[in-house]
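Participant: sequence below, structure please.
(one chain, ligands or ions: 2)
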Amino acid sequence: MADLLASLNPEQTQAVTLPPQHALILAGAGSGKTRVLTTRIAWLVETGQLDPHAVLAVTFTNKAAKEMLARLSVMLPISLRGMWMGTFHGLCNRLLRAHHKDAGLPALFQILDSADQLASIKRLLKTLNVDDEKYPPRELQHFINAQKEQGVRAAAVEAYDDFTRRRVALYAEYEAQCQRESVVDFAELLLRTYELLTRNEPVRRHYQRRFRHILVDEFQDTNVLQYRWLKLLATGDADTPGACLFCVGDDDQSIYRFRGAEVGNMLAFEREFKVPNVIRLEQNYRSCGNILDAANAIIAHNTQRLGKQLWTDRGEGEPIRVYQAFTDLDEARWVVDEVQSLVRDGMSRADIALLYRSNAQSRVLEHQLFSAGVSYRVYGGLRFFERQEVKHALAYLRLIANPDDDTAFARVANFPTRGIGARSMEALQDAARTFNGSLYGTVPHLSGKPRKALEPFVALIEQLRQQTAGLPLPEAVEHVLDGSGLRVHYLSLKEKDGRERLENLDELISAANNFVAENEAPTAGADHPLLADFLAHASLEAGDHQADAGEDAVQLMTVHAAKGLEFDAVFLSGVEEGLFPHENSAREVDGLEEERRLMYVAVTRARRRLYVSLAQSRMLHGQTRYCVRSRFLDEIPVGLTKWLSPAQPVRAVQERSGAYATPRASSVHARGAPARDLGGLRIGQAVQHARFGVGTIVSAEGSGADARVQINFGPQGMKWLLLGVAKLDPV
Ligand code: ATP
Ligand code: MG
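Facilitator: Ligands and ions are numbered 1, 2, ... in the order given. Below you'll find the model as predicted:
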């Protein structure tokens, strides 16, 4: 036991060794929150106060859950099998599988990830002939999820206008469709479990008695429903006291407000549970001083904070390296060069992370890494289980597990093409509505051409089901890849595209193999052992599979996905206005502060080295954008940074009031930019351009034939123009 506590500071020790009671640990990044949470479980178990069976630990990602389990097994040389540890979604899935009848679901219910959910909503709108311009599917999806996350069913939504009433009616139709198809979306996993626990007393009591300690990491990002779920489980009854809730979090790292996360839960928890102890940890063990100072300086610009101080005794370390490239391609080249030099100096690739605000930014980085032969792994993004060909294969498997899964049916009925036209599909959908049945079940009720077109598909699924019955999972997957015609289809595609897709299909067999190795078959003699679990895993754990491969690889991910992780060196690219802070955030209340918290998360991932980069122009979504550097970069005190790009450019100061006001010429400051021969022009001068109109020169680079000026054309945006080419007339 002494060993467990030996390396903790006094506040951490206090938190780990609290008596059985509710506790809130409110502390900044890298202060040891996750370590404290893990050590507390180990300490409680080792001191005989807790059976692993009675632990419920909630983490934010599957990767985090796995890491926690790995750390625990080092600390505790006992079996941790009975312990419930995972994400909210994973834990709810487990609960619903165990009590599916009570929850009104078939044993083999399927999970819709958000892309499946969107497809399902689109299909619904089409069936109901709803104008999708008036009711855009994405907005409807957001509306439905937001209701569910508040715990509100369609029947309970209060609607005061026709538009909302119609949306609520569509929500109700969507609920009915999911129930018919035996599918649940992510928000439903939570809501269904919550309803099960509130309505079914024996089940609720069972879990209330079972879990003695509930520990929650990243508590600041729980939503309303998750908090209610926790409260319910932590509540006792006449015979048994409730579980102790141990929550750790950091309000400055709340970055999922767009998904309904409520920082207010921290305050509500303290109040409602009369938490006797709020412990603050202030020493940061992760980052060197300069990095920590930068993070502190950035987050200090936010107004809505609970307030914390962080310090480190690791020394100031190296300055933050900043690089401004001409284009996103140059930026990526520079990043990869630096990565290679770190690796040459002995840093392992897995200790290097490339972070970005938007998934789309990964493409150019991946390309450069690939060309340079640096192995890398992407977390998130278009993850393995989300790739088109993998989803097609999974759809066949889903139909085998559950023929009522209409999303899967619609996805592959005519893929590979087998002569089922849009007309036949429409006829089927109409008939399914009339019969109130699934697409699959309705085919025998059709007549004429549609029936002729669709019957062979149903027969194919039937045949695949029979042929795979009793086969081990990987063999079943392999059989389906062949029997469905998918493999032949991708073989027929030429060149790289088809090859990559075939590799991914093969990878699915490996995924099934791994899955079998990690999971015991729950029911001996089942027709399709582990199939439903494997499909649930594919929906829930998308992406994890890449991370587990043993190879030493550079880690690529969005800032959101990097939460809770740490790396020796972090590269943060695309630090530009409109990208980070993201332009969408300007429309949201608190949008800018949320972006800043995200920036704080990004910076605090770095242990030793932080690189920040930006490009003057960037190809994104097929368009070239001219970029202005991010205000967040200017919030880092100058003394902490070291510019690596040849010229330290001038940045136009942003209006602080309007989130994205255009820079004004009057507020331009030239931070040490040397005077240049600009052909008679000067910084701050107004000029006329034939295409862009009147603008103001805000900075300049290069000289002679290469001289370029950056001009703020107001509504037309910022442009870099070559002086020798652009015709500019002084105004
Ligand atoms: P985040 O807010 O990013 O999730 P956190 O507060 O959960 O961070 P941890 O990940 O638990 O922080 O810890 C950060 C790093 O500091 C880890 O490498 C951890 O092992 C180390 N650490 C924590 N406490 C101590 C300590 N007392 N002595 C030495 N190292 C420590
Ligand atoms: Mg943590």
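
Participant: residue of the protein nearest ligand 2, please.
Facilitator: Ranked by Cβ to the ion, the top residue of the chain for proximity to ligand 2 is residue 34, at 3.3 Å. Heads up, the C-betas are built off the backbone N, CA and C, glycines and all.

Participant: would you verify that that residue is located in a helix?
Facilitator: Yes: with DSSP: H, G, I helix; E, B strand; the rest coil as the criterion, residue 34 is assigned to a helix.

Participant: which residues touch it?
Facilitator: Shown here is residue 34, whose contacts under the criterion Cβ atoms under 8 Å, 6 or more residues apart in numbering are 64, 68, 217, 248, 564.

Participant: that's a helix at the last one, yeah?
Facilitator: No: according to three-state DSSP, the state of residue 564 is coil, so it is not within a helix.

Participant: wait, what's in contact with the closest residue in space to it that isn't next to it in sequence?
Facilitator: Using Cβ to Cβ, 6 or more residues apart in numbering and skipping the chain neighbours, the partner closest in space to residue 564 is residue 64 (5.3 Å). Each residue near residue 64 by Cβ under 8 Å, 6+ apart is listed here: 34, 217, 564.

Participant: ok, the residues you listed vs residue 708, which is closest?
Facilitator: Sorting these by how near they are to residue 708, with Cβ to Cβ, puts residue 564 at the top with 41.6 Å.

Participant: and stretch 557-571, which residues are buried?
Facilitator: 557-567, 569-571 (16 or more other Cβ atoms under 10 Å).

Participant: same question for stretch 146-157.
Facilitator: Using 16+ other Cβ under 10 Å as the burial criterion, the residues of stretch 146-157 that qualify are 147, 148, 149, 150, 151, 152, 154, 157.

Participant: CA atoms of stretch 226-245 as PDB?
Facilitator: These are the backbone C-alpha positions of stretch 226-245, laid out as PDB (Å, rounded to 0.1, in the frame of the first residue of the first chain):
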ATOM      1  CA  GLN A 226     -25.300  11.100 -18.100                       C
ATOM      2  CA  TYR A 227     -25.400  13.000 -14.800                       C
ATOM      3  CA  ARG A 228     -28.900  11.900 -14.100                       C
ATOM      4  CA  TRP A 229     -27.800   8.300 -14.800                       C
ATOM      5  CA  LEU A 230     -24.900   8.600 -12.400                       C
ATOM      6  CA  LYS A 231     -27.200  10.100  -9.700                       C
ATOM      7  CA  LEU A 232     -29.600   7.300 -10.100                       C
ATOM      8  CA  LEU A 233     -27.000   4.700  -9.700                       C
ATOM      9  CA  ALA A 234     -25.400   6.500  -6.700                       C
ATOM     10  CA  THR A 235     -28.700   6.700  -4.900                       C
ATOM     11  CA  GLY A 236     -29.300   4.200  -2.100                       C
ATOM     12  CA  ASP A 237     -32.400   2.700  -0.700                       C
ATOM     13  CA  ALA A 238     -33.800   1.800   2.700                       C
ATOM     14  CA  ASP A 239     -31.400  -1.100   3.100                       C
ATOM     15  CA  THR A 240     -28.300   0.000   1.300                       C
ATOM     16  CA  PRO A 241     -26.500   3.300   1.300                       C
ATOM     17  CA  GLY A 242     -25.800   4.800  -2.100                       C
ATOM     18  CA  ALA A 243     -22.500   4.400  -3.900                       C
ATOM     19  CA  CYS A 244     -19.800   7.000  -3.300                       C
ATOM     20  CA  LEU A 245     -19.300   9.200  -6.400                       C
END
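
Participant: buried residues of that stretch, list them for me.
Facilitator: Residues 226-234, 242-245 are the ones in stretch 226-245 that count as buried (16+ other Cβ under 10 Å).

Participant: looking at those, spot the one nearest residue 441.
Facilitator: Distance from residue 441 was checked for each of the buried residues of stretch 226-245 by Cβ to Cβ. The minimum falls on residue 229, at 33.8 Å.

Participant: would the closest one count as being in a strand?
Facilitator: No: using three-state DSSP, the assignment for residue 229 is helix, not a strand.

Participant: and residue 454, how close does it get to residue 394?
Facilitator: Applying Cβ to Cβ, to the nearest Å, one obtains 21 Å for the distance of residue 454 from residue 394.

Participant: what's the neighbour count on residue 408?
Facilitator: When neighbours are counted by other Cβ atoms under 10 Å, residue 408 registers 31.

Participant: render the CA-only coordinates of the helix or strand that it is a member of in CSV, please.
Facilitator: Using DSSP states H and E, the element containing residue 408 is helix 406-412. Only the C-alpha atoms of helix 406-412 are listed here, as CSV (Å, rounded to 0.1, in the frame of the first residue of the first chain):
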residue,chain,number,x,y,z
ASP,A,406,-33.5,-1.4,-42.5
THR,A,407,-30.5,0.9,-42.6
ALA,A,408,-28.3,-2.1,-43.3
PHE,A,409,-30.8,-3.4,-45.8
ALA,A,410,-31.0,-0.1,-47.7
ARG,A,411,-27.2,0.2,-47.7
VAL,A,412,-26.4,-3.1,-49.4
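
Participant: so residue 180 sits against residue 436, correct?
Facilitator: Yes: distance between residue 180 and residue 436: 7.4 Å, which falls inside the contact criterion (Cβ atoms under 8 Å).

Participant: out of the two, which sits in the busier spot?
Facilitator: Ranked by neighbour count (other Cβ under 10 Å), residue 180 and residue 436 place residue 180 first, with 16 against 10.

Participant: could you tell me the phi and psi values at the more buried one?
Facilitator: Comment: the main-chain dihedrals of residue 180 come out as phi -60, psi -40, following degrees, to the nearest 10.
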